[in-house]
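Asks: any chance you can model this:
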Amino acid sequence: MPLETPKRGAIPSPRSALAGAPPFHVALAGAPPNFITVPPRISMWGNDQYGDCVTAEEAFAKSCNNPEIFIPDSDVVSWATRHGVLNGAVISNVLQWMQNDGFQEGSLTYDDGPYFSVDWTNSGTLQNAISTGPVKIGIAADQLETAWNSTGGRTGWFAVGFHADSNEDHCVTLCGYGTINWLAQQLHVQVPAGINGTSTGYALFTWNTIGIIDTSSLLAITHEAWLRNPTTVTKQASGWHPWFRVSGGAAALGSPITAVARNPNHLDLFVTGTDGGIYSTWWDANGGWANWFRVSGGAAALGSPITAVARNPNHLDLFVTGTDGRIYSTWWDANGGWANWFNVSGGRAALGSRVEVVSRNPNHLDLFVTGTDGGIYSTWWDANGGWANWFRVSGGAAALGSPITAVARNPNHLDLFVTGTDGRIYSTWWDANGGWANWFNISGGAAALGSPITAVARNPNHLDLFVTGTDGGIYSTWWDANGGWANWFNVSGGAAALGSPIEVIARYPDHLDLFVTGTDRGIYSTWWN
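Replies: Got it, this is the predicted structure:
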C-alpha cells in the first residue's frame, strides 16, 4: 500500500469559461517529435491531505521552469486556504486568480501568464501546447488512481485501456509526449509486457509522481485542457528585498552611512572618511551607484561626521559640528556646486549636543539639538529671515533620557521622537495651529527591542519608525491615520549579519530604503516595494 493517500478536488470549469477563453493556436514551426519536462523535485503539495489538486498542479507547473521554481508544500496549502479552495476548486477560477495573485516566495511572486483553452482531442494541437508549457487538464480519476497504486505511488506507472468516464473530479498536468518506449526511457522504467511501446503516449503528473498514459485512455477521461503562456510570470512582490551591497561599500571611508534623498529619482549617501573628509555616492535610476566623491572642503577641520538634509528638490544641505562646538553648513545648488562652509548663527556651543536635522517643508529648514540641561532646542531657517534664535521645545527631553530623533510627517506637522530612560519611545509634535504637544508614550515602546528609534516618513499619511533589536534584527512600527500604531514587525532578514543599526531614508512615497553598515564596513541596503 502507498504511504501517501491521494485526494481529489477538481470542480469542472463552467462551459462558458471554456467557450469564452481564447483558443491555443498551433505555432507555425510545429512541435518536436517527442518532448518531456521532468523537474528535479516534485511533491504532493498537500494533495495527500486535502482536495487541493488544482492548486498542487500550479506548483508542479512552476517546478517545470528552468531553473526550477519549487514552491514549498506549506505555501501551496496556505494559498489554497486563503482562496477558499483547500478542498475543491473550479479549475478556471484558479487560473484566473493565479494571474495576479500567485505564489509569493520571499521578495518574488510567481504568477501565471494568460491562459488558453486547448483542443486535447487534436494530437497536433495538444503536443504543440505541451512543448510550449505544461498543460493543465481536468479528468475523471478513478482509473488513474488504480494505475498510480500499481507502483505503490511511485513515478513510472502506466495508464492504458481506460474506458470513458464523465465524472471529472481531479486536476493533473501533461508535461511530455512521444512513443511509450521513449517516455519510459526518460522516466527510467521498463514498459510492461502487453503494452505497445511504439504507440503514442503522454507524460502525466499527479500525486507526487509522473506516469505514462496512452492516447485512447487520455481521451477517455479528459474533459478540459488549458495552457498558460507563459507558464510563469515572475514579479517583484510587495515586501522587503534581499540585502544588497552598495557598490564599493564604505570600507575605505571609515564611517557608517548618513543618507539623504535629493529628489525622487536621485538618492545620495554620505560618509566621513578616515581622513575626516566627507564622501558621497549617489544612485541615479539610469546609471546605478556612482564612484565615491569627496565633497569640497571635507569636514577635516570641523571635527564631526555629517548630518544631511534635503531642503527642496534642487538644494541639498549638509551640517557638521565643528571642533569649536558650533554648527557649520555647506550646500549644493545644481547651478553652483558646493558652497563654502558657513557658521550657522549661534552655533550650538552652549547647547551640548550635535545637531539633529529635519526639513519641515521646502522653504523652512529646522535644526534640533539636545542641550546640556537635557532640553531640546531648535533653530530654523526661513528664506525671508535667516536663522532664528535657539528656541526650547516645550518640556524638553530631560526626563526622557535621550537625544532627539526627528521626522517631518507632512508639510504642516512636524514630529519629534526620543527614547526615554525606561527604554520606551516618546513623541511630541508641532501643529501650526497649536504649538508643541505634550510628550506621548508610543504604545509598546521599544523597551524590548534594545535600541533608540530611527524614524522616517514614508508618505504624507503614513509614518514609519525603526529600531534595531537585541537580536540584531530590524523592527518597524508605523502610524496609519485610521488605525494608530501597528505592532512591531521584524523586517525580513534583520541586520543581525550586517553588524550595525539601521540608517533609514524614504526615496519616494511608495519606495522605502533602509541602509546599514556591515561588519566588513560595506554599506548594505534593503527596500520595500
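
Asks: tell me which element Lys136 falls in.
Replies: Using DSSP states H and E, the element containing Lys136 is strand 135-139.

Asks: just the buried residues of that strand, please?
Replies: Neighbour-count burial for strand 135-139 flags Val135, Lys136, Ile137, Gly138, Ile139 (criterion: 16 or more other C-beta atoms under 10 Å). Where you see a C-beta, it was placed from the backbone N, CA and C, and this is true even at glycine.

Asks: nearest to Val271, of these?
Replies: Lys136 (53.1 Å; C-beta to C-beta).

Asks: give the contact list for that closest one.
Replies: The neighbourhood of Lys136, defined by C-beta atoms under 8 Å, 6 or more residues apart in numbering, consists of Glu57, Glu58, Ala61, Ile91, Leu95, Cys171, Val172, Thr173, Ala225, Trp226, Leu227, Arg228.

Asks: CSV for the residues you listed, including neighbour count?
Replies: Below are the contacts of Lys136 laid out as CSV (neighbours: other C-beta atoms under 10 Å):
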residue, neighbour count
Glu57, 27
Glu58, 31
Ala61, 26
Ile91, 27
Leu95, 21
Cys171, 29
Val172, 26
Thr173, 24
Ala225, 25
Trp226, 28
Leu227, 26
Arg228, 23
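
Asks: pick out the residue closest to the middle of the protein.
Replies: In the chain, the centroid-proximal residue (C-alpha atoms, centre = their mean) is Gly239; its distance is 2.9 Å.

Asks: ok, that one to Asp142 distance?
Replies: 43 Å (C-beta to C-beta, to the nearest Å).

Asks: now swap in Pro12 and tell me
Replies: Going from Pro12 to Asp142 by C-beta to C-beta gives 15 Å.

Asks: who's more crowded, these two?
Replies: Taking neighbours as other C-beta atoms under 10 Å, Pro12 and Asp142 compare with Pro12 leading, 17 against 14.

Asks: any low-confidence regions in the stretch 201-350 of the chain?
Replies: 237-238, 247-266, 284-287, 296-301, 303-315, 333-336, 345-350 (pLDDT under 70).

Asks: tell me where it has helices.
Replies: Secondary structure of the stretch 201-350 of the chain (DSSP state H, counting those that start in this stretch): helices at 215-221.

Asks: ok, which stretches of it are strands?
Replies: Along the stretch 201-350 of the chain, the segments classed as strands by DSSP state E, counting those that start in this stretch run 209-214, 222-228, 233-236, 244-245, 258-263, 266-272, 278-284, 288-289, 293-294, 307-312, 315-321, 327-333, 337-338, 342-343.

Asks: for Phe368, what is the enclosing helix or strand?
Replies: Assigned by DSSP H and E, Phe368 belongs to strand 364-370.

Asks: typed the wrong thing, it's Gln104
Replies: Residue-wise, Gln104 maps onto strand 103-105 under DSSP H and E.

Asks: that strand pairs with which strands, parallel or anti?
Replies: Counting by DSSP bridges, the strands paired with strand 103-105 are strand 108-111 (antiparallel).

Asks: beyond the partner strand, next helix or strand please.
Replies: Per DSSP H and E, the first helix or strand lying C-terminal to strand 108-111 is strand 115-117.

Asks: got the contact list for Asp142?
Replies: By C-beta under 8 Å, 6+ apart, Asp142 lies in contact with Asp165, Asn167.

Asks: phi, psi of it?
Replies: Backbone geometry at Asp142, expressed as degrees, to the nearest 10, gives phi -60, psi -50.

Asks: repeat that for Ser123.
Replies: Ser123 adopts backbone torsions of phi -60, psi -40, taken as degrees, to the nearest 10.

Asks: that one and Ala31, how far apart?
Replies: According to C-beta to C-beta, Ser123 and Ala31 sit 10 Å apart.

Asks: looking at those two, which one has more neighbours?
Replies: Using other C-beta under 10 Å as the criterion, Ser123 and Ala31 rank with Ala31 on top: 19 against 16.

Asks: could you pull up the residues touching the nearest residue to Pro12 once chain neighbours are set aside?
Replies: Leaving aside its chain neighbours, Pro12 sits nearest to Glu168 (4.7 Å; criterion: C-beta to C-beta, 6 or more residues apart in numbering). Contact partners of Glu168, counting by C-beta under 8 Å, 6+ apart, are Ala10, Pro12, Gly138, Ile139, Ala140, His223, Glu224.

Asks: cool, Leu95 as well?
Replies: Leu95 sits next to Asp112, Tyr115, Lys136, Trp226, Arg228 when contact means C-beta under 8 Å, 6+ apart.

Asks: ok, Leu218 next?
Replies: Trp120, Leu174, Tyr202, Leu204.

Asks: restricted to buried residues, select these in PyMOL.
Replies: Buried residues among these (16+ other C-beta under 10 Å), as a PyMOL selection:
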select buried, resi 120+174+202+204
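
Asks: ok, Thr330 touching Leu318?
Replies: Yes - Thr330 is in contact with Leu318 according to C-beta atoms under 8 Å; the separation is 5.2 Å.

Asks: what about these two, which has more around it?
Replies: With neighbours defined as other C-beta under 10 Å, Thr330 and Leu318 compare such that Leu318 has more, 25 against 22.

Asks: still on that earlier bit, so which pair among the contacts of Glu168 is furthest apart in space?
Replies: Taking C-beta to C-beta as the measure, the contacts of Glu168 have their most distant pair in Ala140 and Glu224, spaced 11.5 Å apart.

Asks: pLDDT of the longest strand anywhere in the chain, averaged?
Replies: For the chain, the strand with the greatest residue count under DSSP state E is strand 170-179. Averaged across strand 170-179, pLDDT comes to 98.

Asks: downstream of that strand, the next helix or strand is which one?
Replies: Counting by DSSP H and E, what follows strand 170-179 is helix 180-187.

Asks: so that next one versus strand 209-214, what angle?
Replies: 170 degrees (axes from the mean of the first three to the mean of the last three C-alpha atoms, to 10 degrees).

Asks: which residues sit against helix 180-187?
Replies: By C-beta under 8 Å, 6+ apart, the residues outside helix 180-187 that reach it are 34, 36, 38, 155-156, 158, 176-178, 190-191, 195-203, 210-212, 214.

Asks: can you do 7 Å?
Replies: 34, 36, 38, 155-156, 176, 190-191, 195-199, 201, 203, 210, 212, 214 (C-beta atoms under 7 Å, 6 or more residues apart in numbering).

Asks: tell me the buried residues in that helix?
Replies: Ile180, Trp182, Leu183, Ala184, Gln186, Leu187.

Asks: perfect, I'm done here.
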